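Asks: Based on what follows, work out the 3D shape:
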Amino acid sequence: MPHDKDPRPANDQHIWAGLAFGFVGCAIFAGSLPATRLAVSAFDPVLVTAGRAAIAGLMSVGLLALRRQAWPGLRLWGQLVIVAIGVVVGFPLFSAYAVQLVPASHGIVFVGLLPLMTATAAVLRGGERPKPLFWLFAIGGGLIIMAYALIQGWRDGHDLRLQPADFDMLLAVLLCGLGYAEGAVLARRLGSWQVICWALVLSLPVMLPLFVWLWLETGESLAHVAEAGPGPLLGFAYVCLFSMFIGFFFWYHGLKLGGIARVGQLQLIQGFLGFGLAALILGETVPPSALIAVGLIVCCILGARKFA
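Replies: Below you'll find the model as predicted:
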């Protein structure tokens, strides 16, 4: 398990290692929306969100204690709050609500904006001054997403307007991008895997009691869990162990070694991996318009990166 705290300048070896770690992280995250859709087919979205944070938080406590990690300085806790809001609560909760109403492949199109949101958050949090063309590409990517959501909703028989699930996914991606950028900055101070562990520990006093209370309040039981079948249980297990825990080990370490801008580009393939998993696991048909939308978003992201 990597534990690097020295901010050495990146060389070719670090860059390639960062790309390798980042790719594994992206591959893990690509399964998040299909797994979440499986989980919320039987369980409440808030219960799934609290449960994945609580279970991963307990594992984080054990890992931090085993590795005898010192508590972060007080001045870092504010940044950990931002990470927790973005990736522990924000993205899991709003994406879970979204995929209750729309196919996972629909939500994955919105995930195509995640690299752009991460870049924007890194620019704002890092105090950089991008060129005007950066914002042109950023706005263009957002307009593509809006157009896709409107057209898809109209084809599904709704009015030509954004649906509630679209707003949920937009908010989820916005918060996740903020959490990614803040976590990447923190990884240089705390170490890569420590960032998500401390963010989960910070969330644990809220998420663990909430999970227990919701479990009792909604009348969940072992019999109900058994009736749900293996699909929802496997989906819930995946988001607890991989999406909320292991995936961040690889992702933040990759960002730390190879750089946010360089390794962040790997998120461009996450949407296409997600489409494949949605088709394989959920049997969803990926419409050609989704592939076209993601391709156009990739062009906008590459342009934005160039002028950031």
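Asks: With just CA atoms, put stretch 275-289 into PDB.
Replies: The C-alpha coordinates for stretch 275-289 follow below in PDB (Å, rounded to 0.1, in the frame of the first residue of the first chain):
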ATOM      1  CA  PHE A 275     -21.500   2.100 -20.800                       C
ATOM      2  CA  GLY A 276     -20.000  -1.300 -21.200                       C
ATOM      3  CA  LEU A 277     -20.800  -2.300 -17.600                       C
ATOM      4  CA  ALA A 278     -24.300  -1.000 -17.800                       C
ATOM      5  CA  ALA A 279     -24.900  -3.100 -20.900                       C
ATOM      6  CA  LEU A 280     -23.200  -6.200 -19.400                       C
ATOM      7  CA  ILE A 281     -24.600  -6.100 -15.800                       C
ATOM      8  CA  LEU A 282     -28.000  -4.400 -16.200                       C
ATOM      9  CA  GLY A 283     -28.700  -5.300 -19.800                       C
ATOM     10  CA  GLU A 284     -29.300  -1.700 -20.800                       C
ATOM     11  CA  THR A 285     -29.200  -0.600 -24.400                       C
ATOM     12  CA  VAL A 286     -26.800   2.300 -24.800                       C
ATOM     13  CA  PRO A 287     -28.300   4.700 -27.400                       C
ATOM     14  CA  PRO A 288     -26.100   6.100 -30.100                       C
ATOM     15  CA  SER A 289     -26.900   9.600 -28.900                       C
END
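Asks: what sits up against that stretch?
Replies: Stretch 275-289 has contacts (Cβ atoms under 8 Å, 6 or more residues apart in numbering) with 30-31, 33-35, 37-38, 103-105, 108, 148, 151-152, 290-291, 294. Using the backbone N, CA and C atoms, a C-beta is placed for each residue, glycine as well.
Asks: change it to 6 Å
Replies: Identification of contacts with stretch 275-289 by Cβ atoms under 6 Å, 6 or more residues apart in numbering yields 30-31, 34, 103-105, 108.
Asks: buried stuff in stretch 77-87?
Replies: Buried positions in stretch 77-87, judged by neighbour count with 16 or more other Cβ atoms under 10 Å: 79-80, 82-87.
Asks: farthest-separated two in those?
Replies: Within these, two members stand farthest from each other by Cβ to Cβ: 79 and 87, at 12.6 Å.
Asks: list the helices and strands the host helix or strand of residue 213 packs on?
Replies: Residue 213 belongs to helix 192-217 when assigned by DSSP states H and E. Taking 3 or more Cβ pairs under 6 Å, 6 or more residues apart in numbering; DSSP states H and E as the contact definition, the neighbouring helices and strands of helix 192-217 are helix 45-66, helix 74-83, helix 164-190, helix 247-258.
Asks: Mind putting those into a markdown table with distance to residue 13 and mean pLDDT?
Replies: Putting the helices and strands packed on helix 192-217 into a markdown table (distance: least, Cβ to Cβ, whole Å; pLDDT from 0 to 100) gives the following:
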| stretch | distance to residue 13 | mean pLDDT |
| --- | --- | --- |
| helix 45-66 | 27 | 95 |
| helix 74-83 | 28 | 92 |
| helix 164-190 | 18 | 87 |
| helix 247-258 | 9 | 86 |
